[in-house]
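Participant: build me a model:
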Amino acid sequence: EIDVCNPETHGIANKRYTDYEVVLKTNLPIFRVQESSVRRRYSDFEWLRAELEKESKIIVPPLPGKAIKRLLPFRGDDGIFEEDFIEDRRQGIEGFINKIAGHPLAQNEKCLHMFLTEPMIDKNYVPGKVRTH
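Facilitator: Numbering: from 1, shown residues only. Below you'll find the model as predicted:
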């Protein structure tokens, strides 16, 4: 089971972004840890989705949309930093990551393991399969 929780918005002006805590709790032997917690931005989920589309044989589910309209200037609200939007996005990416992590073929992919358990994503990693001992 994976929870996406505790959204936090960082930075100011056009350097603002929101990240989420991604909490893994599993008893699947393929994962070398049973629990982990990392922080990820929406762009990290996009990276994972792109990696899985390139490297795996699974049909990767879509992410919630990019919210282009919310990025337009001169809005009367906080755009992508509105609480309602952040919560909707949180639910969408939580559904996305649970679908992927629940897929037996995705569970072997190094990119998924790195995404769920490593504090930093190494985008220069060598794609491949995870082996159980």
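
Participant: and the residue nearest the centre of the chain, what is it in contact with?
Facilitator: Note on the chain: the residue nearest the mean C-alpha position is residue 45, at 3.4 Å, using CA atoms, centre = their mean. Residue 45 makes contacts with 63, 93, 96, 97, as judged by CB atoms under 8 Å, 6 or more residues apart in numbering. C-beta coordinates here come from the backbone N, C-alpha and C atoms, glycine included.

Participant: try it again at 7 Å.
Facilitator: Residue 45 sits next to 63, 93, 96 when contact means CB atoms under 7 Å, 6 or more residues apart in numbering.

Participant: state the helix or strand in which it lies.
Facilitator: Assessed by DSSP states H and E, residue 45 sits inside helix 42-55.

Participant: tell me which residues in the helix or strand that that helix is followed by are buried?
Facilitator: With elements assigned by DSSP H and E, the helix or strand that comes after helix 42-55 is helix 83-101. Judged by neighbour count using 16 or more other CB atoms under 10 Å, the buried positions of helix 83-101 are 85, 86, 89, 90, 92, 93, 94, 96, 97, 100, 101.

Participant: I'd like to know which elements helix 83-101 is packed against.
Facilitator: strand 2-10, strand 17-25, helix 42-55 (3 or more CB pairs under 7 Å, 6 or more residues apart in numbering; DSSP states H and E).

Participant: can you redo those as JSON lines with mean pLDDT and distance to residue 35?
Facilitator: Converted to JSON lines, those look like this (pLDDT from 0 to 100; distance: least, CB to CB, whole Å):
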{"stretch": "strand 2-10", "mean pLDDT": "94", "distance to residue 35": "11"}
{"stretch": "strand 17-25", "mean pLDDT": "95", "distance to residue 35": "5"}
{"stretch": "helix 42-55", "mean pLDDT": "93", "distance to residue 35": "19"}
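
Participant: same list (these) but as JSON lines, adding distance to residue 116.
Facilitator: Output for those, formatted as JSON lines (distance: least, CB to CB, whole Å):
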{"stretch": "strand 2-10", "distance to residue 116": "7"}
{"stretch": "strand 17-25", "distance to residue 116": "5"}
{"stretch": "helix 42-55", "distance to residue 116": "9"}
